[in-house]
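> quick one, what's the 3D model for this:
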Amino acid sequence: MFKKLTIARSAVILALVVVMLGAYTRLKDAGLGCPDWPGCFGKMIVPSTGAHDVTKAWIEMIHRYVAGSLGLLILYLSVIIRNTGRAFVVSLLTLILVGLQATLGMWTVTLGLYPVVVMGHLIGGMAILSCLWWIVILLSPGSGRQLYSNRENSGKLILCSLISFLLLCLQIMLGGWTSATYSSLACSGFPTCNGQWWPEMNWAQAFNLTNTGILNSPGVHLDHAAHVTIQMAHRIGAFVTGIFLLLTGLLIINKTTLNSLRSLGFQLCFLVILQLIIGMCNVIFGLPLWVAVLHNCLAALLLMTLISILVNLNGKINRI
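Below is the predicted model:
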């Protein structure tokens, strides 16, 4: 069991690295560093000469190498935990997600960074990470020995945690859309946007997915008002999601006596506050590279924290 858990934890770490590398690749504008897939200019190693940006090509290929290694590790993990009940079922779901993610990775290149595909690629990475973390929880020794059992409060806590999880997922999707449409810097200044509390916006164009990146669609050029709309929606979503997650964390802290759950409540509150600060820094300082990458990493950690809370509250553990 120790070996299985070690492999699962390694996969989680590698998945988190892939998520951060994906954000780094996007922010370095290296998503098309290699115009073909899965190789780069027809080779599996970046050519050292030619009419291309070697640095961007290597950034893209390193991302592919690490992502491919993660896929193989997940396949190996599925084989060694085939007799572990629920964890094995989750691993099969993860393998399906890996296949979909590979397809999205190919489309990201071949379709020239279509926004919907780019956003889907981010969501796929987060989904794989979430499943792997779920597997780690299920395989962990004693994961079901101290599960929360206060029936009076468990229903309320599960509902709040589930709503928090769904809000966070929606906010991550909105963040992916903001990045995919290059709307991260549409607003200067904070808390105002370009000196206005409610600037001119174009909601119809900003979220018309049919015209901004669906497969086989030519797409359209978003006007400035649409970019501003996407950025403002991300800000509003961050405020609403952040407040709800903070309230959920405080509720868990105040309504539970189980130390492991209280620790997760404190962890949730800390990550939310840090994420809001990092988000503001992105806007105020013009999207610094490593701050923006950290923003993606914290979103992943928030997902993992909420999954841990839900598993502990719900009491559904793996049966070896």
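> just give me the neighbour total for the spatially closest residue to residue 224 that is not a sequence neighbour.
Nearest-residue entry for residue 224: residue 186, 7.0 Å, with adjacent residues in sequence omitted and distances by Cβ to Cβ, 6 or more residues apart in numbering. (C-beta placed from N, C-alpha, C; glycine too.) Using other Cβ atoms under 10 Å, residue 186 has 24 other residues around it.
> kindly report the same for the one 4 residues further on.
Applying other Cβ under 10 Å, we find 13 other residues in the vicinity of residue 190.
> same check on the one 5 residues further on?
Summarising burial for residue 195: neighbours were counted as other Cβ under 10 Å, giving 9.
> now swap in the one 3 residues further on and tell me
Other residues near residue 198 come to 8 when the count uses other Cβ under 10 Å.
> how much space between the residue nearest to residue 224 and residue 47?
Here the distance between residue 186 and residue 47 works out to 36 Å (Cβ to Cβ, to the nearest Å).
> tell me the contacts of residue 12?
129, 132, 133, 136, 304 (Cβ atoms under 8 Å, 6 or more residues apart in numbering).
> among those, which ones are in helices?
Among the contacts of residue 12, the residues falling in helices (DSSP state H) are 129, 132, 133, 136, 304.
> farthest-separated two in these?
Largest separation among these by Cβ to Cβ: 129 and 136, giving 10.7 Å.
> and those two? which has more neighbours close in?
Between residue 129 and residue 136, counted using other Cβ under 10 Å, residue 129 has the larger neighbour count: 26 against 22.
> hang on, the earlier thing: surely the residue nearest to residue 224 is in contact with residue 223?
No - contact criterion Cβ atoms under 8 Å: residue 186 and residue 223 do not qualify, at 10.6 Å.
> quick check: buried residues in the longest helix along the chain?
When the chain is parsed with DSSP H, its longest helix is helix 224-255. Neighbour-count burial for helix 224-255, with 16 or more other Cβ atoms under 10 Å as criterion, is recorded at 226-235, 237-238, 241-242, 244-246, 248-249, 251-253, 255.
> same check on stretch 53-64?
By neighbour count, with 16+ other Cβ under 10 Å as the criterion, the buried positions of stretch 53-64 are 56, 57, 58, 59, 60, 61, 62, 63, 64.
> for stretch 158-171, same thing?
Result for stretch 158-171 [16+ other Cβ under 10 Å]: buried residues 158, 160, 161, 162, 164, 165, 167, 168, 169, 171.
> give me the pLDDT for the last one.
Meaning residue 171. pLDDT for residue 171: 97.
> name the helices or strands packed onto the helix or strand where residue 164 lies?
For residue 164, the host element (DSSP states H and E) is helix 151-180. Packing partners of helix 151-180 (3 or more Cβ pairs under 8 Å, 6 or more residues apart in numbering; DSSP states H and E): helix 115-139, helix 224-255, helix 289-314.
> check the offset of stretch 246-261 from the chain's centre.
Centre-to-centre, stretch 246-261 and its host chain are 24 Å apart (Cα atoms, centre = their mean, to the nearest Å).
> just stretch 155-175 next, same as before
14 Å.
> residues in contact with that stretch?
119, 122-123, 126, 148, 230, 233-234, 237-238, 240-241, 244-245, 247-248, 251-252, 255-256, 295-296, 299, 302-303, 306-307, 309-310, 313-314.
> same check on stretch 67-79?
Residues from elsewhere that reach stretch 67-79 (Cβ under 8 Å, 6+ apart): 4, 7-8, 10-11, 14-15, 18, 21, 38, 88, 91-92, 94-95, 98, 101-102, 105, 128, 132, 135.
> tell me the buried residues in it?
67, 70, 71, 73, 74, 77, 78.
> so for residue 32, what pLDDT did the model give?
Listed pLDDT for residue 32 reads 86.
> rewinding a little: looking at the buried residues of stretch 158-171, which is nearest residue 111?
The closest of the buried residues of stretch 158-171, once distances to residue 111 are taken by Cβ to Cβ, is residue 169, at 24.2 Å.
> which of the contacts of stretch 67-79 are buried?
Looks like the contacts of stretch 67-79 have 4, 7-8, 11, 14-15, 18, 21, 88, 91, 94-95, 98, 101-102, 105, 128, 132, 135 buried, using 16+ other Cβ under 10 Å.
> tell me which helix or strand the residue found closest to residue 129 once you drop the neighbours it is linked to in the chain sits in.
Excluding its sequence neighbours, the residue lying closest to residue 129 (Cβ to Cβ, 6+ apart) is residue 15, at 4.2 Å. If you go by DSSP H and E, residue 15 is part of helix 2-27.
> one more: residue 106?
In this assignment (DSSP H and E), residue 106 forms part of helix 86-110.
> looking at the contacts of residue 12, which is nearest residue 262?
Distance ranking of the contacts of residue 12 against residue 262, using Cβ to Cβ, places residue 304 first at 17.4 Å.
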